[in-house]
Structure formats: C-alpha cells, structure tokens
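Participant: what would the 3D arrangement of this be:
(chains A and B)
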Amino acid sequence: MRFGMIARVIAGTIVLRPLATMMRTLLPLVLVAVTTPALAHSENGVAIDFWGGFTHPIFGPDHVIAMVAVGLWGAFLGQPAIWLLPVVFPLVMAVGGALGVAGMPLPGVETGIAISAVMLGGMVAFAAKPPLWVAAVLVGAFAIFHGHAHGAELPIGADAVAFSMGFVVATGMLHLGGITFGGLSHWPAGRVAVRAAGAVISLLGFAYLGKIL
Amino acid sequence: MTRLFCAALVACLFASTPALAHAPLMGIGGVFGGVIHAVLVPEHGLTLLALGLVLGRQNQDARRLGMLIFVAILTCGLIAAALISEETLAADLLLLATCTLGLLIAATWMPPRLVLCLAALAGLMFALDSKPDGTSATESARMLIGSGLGAALALALAAEGAVYLRGQTMLIAARVVGSWIAAIGIMVLSLRIVTRMTIG
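Facilitator: A predicted model of the protein is given here:
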C-alpha cells in the first residue's frame, strides 16, 4: 500500500508533472509550427514564396545529389575550394537560370544534370585533386544545366524575390550538407566513407543517365 | 515562465513568414508601417544587408561617408517619391545595385568610389521603390518617413555589425552570402525582364 503511494508520488512528480508542463509548452508550439500561410500559387501549383523556392531543388533528387557532391568535393579538396566551389555554383547557376527564364534553348539539360552527378561523384570517389581553376570551371559548367532547368520552371508573371531566396538558400544548404559530411575526410575511416558517398552519387548519376538515354 | 517566454518567442519565429514585395501589411500603417516595409520587404532587406556588408569592409571614414550619402540621397528620393506618381524602374535598378553589391562581396573587391556610387544609387532607388500604393497623401507621407527611418537604422546596424565580421570563417560566410545575393538578383532581374517583354 505504502509502496503504491510512493510509486504514484514518484510517478507524479518525476514523470507526469514535467511531462504535462512540457506538453503545455510544446503543444502550442508544435501546432503553430505546423500551420502554413495560405499563399498564391502559380499555374503549375508551385507556391510562389520562400518555402516554394526552398523545396524546389530539394524535390529533385538528381539536383540534390549533384549539389551535395559539390560540397563533398570542396571539402575533399580543402582550402580554398571548400568555399570557392559553393560560391561559384550559385552564381553560374543564376546565369543558367536567366537563360532558362529567357527561353534560350540549351541542348541536353537533363543529360547534363545526370552527367554532373556522375562526374562530381566520380571526382570524390577517385579522390581527384585537379588545379583549383579546373574544379571551378567544371562545377560552373554543370551549374549552367542545373540553373537552366530551374529557370525554365520559374513561374512567369510572379514577383519571385522570396522564391529565389528560398531556392538559393536551399542550394547553399545542400552544399553545406556535403561540406559537413566531407569534413569526415580528415580521418582515414571518414575518408573511405566520403569516397564511398561519392561512388554512390556517381552510380545514381549513371542510373539517371540510363533512364534518360 | 522563462520556458513559456522562450516557447512563445520560438512560436513567433516559426509563424513568421517573409513579407512579399509591396504586399499590404494588414492593419499596420503610418510611420511604423513604413519602418516595417523598409526592413521586411525581401528586396529592400537584401539591399540593406548587401550595402551594410560592403560598407562594413570599408575604413571608418569611407563607411560613414557611404552611410551619409545613402541617407542624404534617400531623403531626396523620398521627397521625390511623395511628389511623383508615375511608375518608375526603381525596383529593377534597386535589384541591379543589390546584385552588383553581392558580386563585390563575393569577389572581396570593393573600391571605395564604386561603393559610394552604389550607395547613392541604392538610396535613390530604395526611396522611389518605397512609395505605398493606394493610400492618401498624408498616410503615404507617414509611411515614406517610416521607410526612411527604418532604412537608415537598418543600414547603420548592418554596416556597424559587419565591422565585427573578423576571422577567416566570418569572411568566407560573408562571401557566400554575397554570392547568394548576386544569384538572387540575377535570377529575379532576368525573370522581370522576360515578364515585361512577354506581358508588356
């Protein structure tokens, strides 16, 4: 009887009361966090806001692996490639985006994107360390394809500042993800893991290439 | 109590959404509405951030001269914005100035004279692009005053804050942010030009 009372008191003070307090604090927070504002949508159903732009590159797995590969390769090459490649990529990507928005044709866009995953993943897998300018030119050349694909899908007639902000920030976050994982290459075991990740990206690129061809 | 306050703060952050360019801020007008407009409209916020980052890398005299030029031209521009009613290319030119500033940050090449010219251009275009639509003359004047105050305060904070960005990591972060700003500018400018050519 006494043991039961003690157990209830302990359960009440140690478990239930903090749990209830936590729920009172967290529940409104979670409810507010999951709500989304009602926003105008473009003709193809894409939200023309920050979130719509942010999710745009993330929902394209071929884009995701290539952008992560840029970060991985930058981390693998070390300074100054670790920050130069993620600076070059969005700038050239924006130029590609402008070409896409303008409707200027670029042959083999999807093929170029798939090859970017094959090449960039392969560079990491084979631990290739070319001169910095070669790495920058290679990354920039592939960024044109990625930018063109996104630019062609940008909703015409919309004020796209927030959309573009989300889009560019998401690209940067994907690079950062690659750089963070690439940081493991400082250790021998991590180096193997990073090269393996590069190999997986390259294989996925081959799979996309096979699907296109 | 502290936990509740923190939860409320985080909830507010989660619930906040970016203000869309020139979207009406419902229920907020007057000087305060102008201050909010200056800081929360994405284009204007980007401009102030870019100019602040560039001015923050200048020496003290050049930085203060840049801010002074921005505020002086901004004031003239706000008076002009209150008087003229025609549509201008201010939004596009402001974006062009922002894009150029982003490129300068990414390249860490910031010649003082070019920076001062860009500060003047940004100030003028910022002011002309701040004119609220569909409001009375009095309300419009109040909002323009608020926009001026908000822009000047935000630029001072950004520029003086950027002075403290020291060390390799911070400078790299600034370059990355600069490249993002330039990329956003290039994409949006091209979209606007194409839209104008398509729709008219």
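
Participant: quick check, stretch A:60-67 touching chain B?
Facilitator: No. Against chain B, stretch A:60-67 shows no contacts by C-beta under 8 Å from any C-beta of the partner chain, the least distance being 13.2 Å. For every residue, glycine as well, the C-beta is placed using N, CA and C.

Participant: who touches that stretch?
Facilitator: Applying C-beta atoms under 8 Å, 6 or more residues apart in numbering or on different chains, the external contacts of stretch A:60-67 come out as A:57-58, A:89, A:110, A:113-114, A:116-117, A:120-121, A:142, A:146, A:149-150, A:171, A:174-175, A:178, A:201, A:204-205, A:208.

Participant: report the central residue of the chain.
Facilitator: Just going to use chain A. Of all residues in chain A, the one closest to the mean position by C-alpha atoms, centre = their mean is A:Leu174, 2.8 Å from it.

Participant: looking at chain B here, not the other one
Facilitator: A centroid search over chain B (C-alpha atoms, centre = their mean) returns B:His44, at 2.9 Å, as the residue closest to the centre.

Participant: circling back: the closest residue to the residue nearest to the centre of chain A other than its chain neighbours and A:Ala143, how far apart?
Facilitator: Excluding the flanking residues, the one nearest A:Leu174 by C-beta to C-beta, 6 or more residues apart in numbering or on different chains is A:Met67, at 3.9 Å. Using C-beta to C-beta, to the nearest Å, we find A:Met67 at a distance of 9 Å from A:Ala143.

Participant: ok, now which ones touch A:Lys129?
Facilitator: Neighbouring residues of A:Lys129 by C-beta under 8 Å, 6+ apart: A:76-77.

Participant: I should have written B:Leu65 there, sorry.
Facilitator: The neighbours of B:Leu65, taking C-beta under 8 Å, 6+ apart as the test, are B:Leu116.

Participant: again with the one 10 residues further on
Facilitator: With contact taken as C-beta under 8 Å, 6+ apart, B:Thr75 is in contact with B:127, B:148.

Participant: alpha carbons of whichever helix or strand it is part of, in PDB - could you do that?
Facilitator: If you go by DSSP states H and E, B:Thr75 is part of helix B:60-83. In PDB, the C-alpha atoms belonging to helix B:60-83 read as follows (Å, rounded to 0.1, in the frame of the first residue of the first chain):
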ATOM      1  CA  GLN B  60      35.700  54.200 -40.700                       C
ATOM      2  CA  ASP B  61      35.700  57.400 -42.800                       C
ATOM      3  CA  ALA B  62      34.600  55.700 -46.000                       C
ATOM      4  CA  ARG B  63      31.900  53.700 -44.100                       C
ATOM      5  CA  ARG B  64      30.500  56.800 -42.500                       C
ATOM      6  CA  LEU B  65      30.600  58.800 -45.800                       C
ATOM      7  CA  GLY B  66      28.800  55.900 -47.500                       C
ATOM      8  CA  MET B  67      26.100  55.900 -44.900                       C
ATOM      9  CA  LEU B  68      25.800  59.700 -45.100                       C
ATOM     10  CA  ILE B  69      25.500  59.600 -48.900                       C
ATOM     11  CA  PHE B  70      22.900  56.800 -48.700                       C
ATOM     12  CA  VAL B  71      20.800  58.700 -46.100                       C
ATOM     13  CA  ALA B  72      21.100  62.100 -48.000                       C
ATOM     14  CA  ILE B  73      20.100  60.600 -51.400                       C
ATOM     15  CA  LEU B  74      17.400  58.500 -49.700                       C
ATOM     16  CA  THR B  75      15.900  61.700 -48.200                       C
ATOM     17  CA  CYS B  76      15.800  63.400 -51.500                       C
ATOM     18  CA  GLY B  77      14.400  60.300 -53.100                       C
ATOM     19  CA  LEU B  78      11.600  60.100 -50.500                       C
ATOM     20  CA  ILE B  79      10.600  63.700 -51.200                       C
ATOM     21  CA  ALA B  80      10.600  62.900 -55.000                       C
ATOM     22  CA  ALA B  81       8.600  59.700 -54.300                       C
ATOM     23  CA  ALA B  82       6.000  61.700 -52.400                       C
ATOM     24  CA  LEU B  83       5.700  64.200 -55.400                       C
END
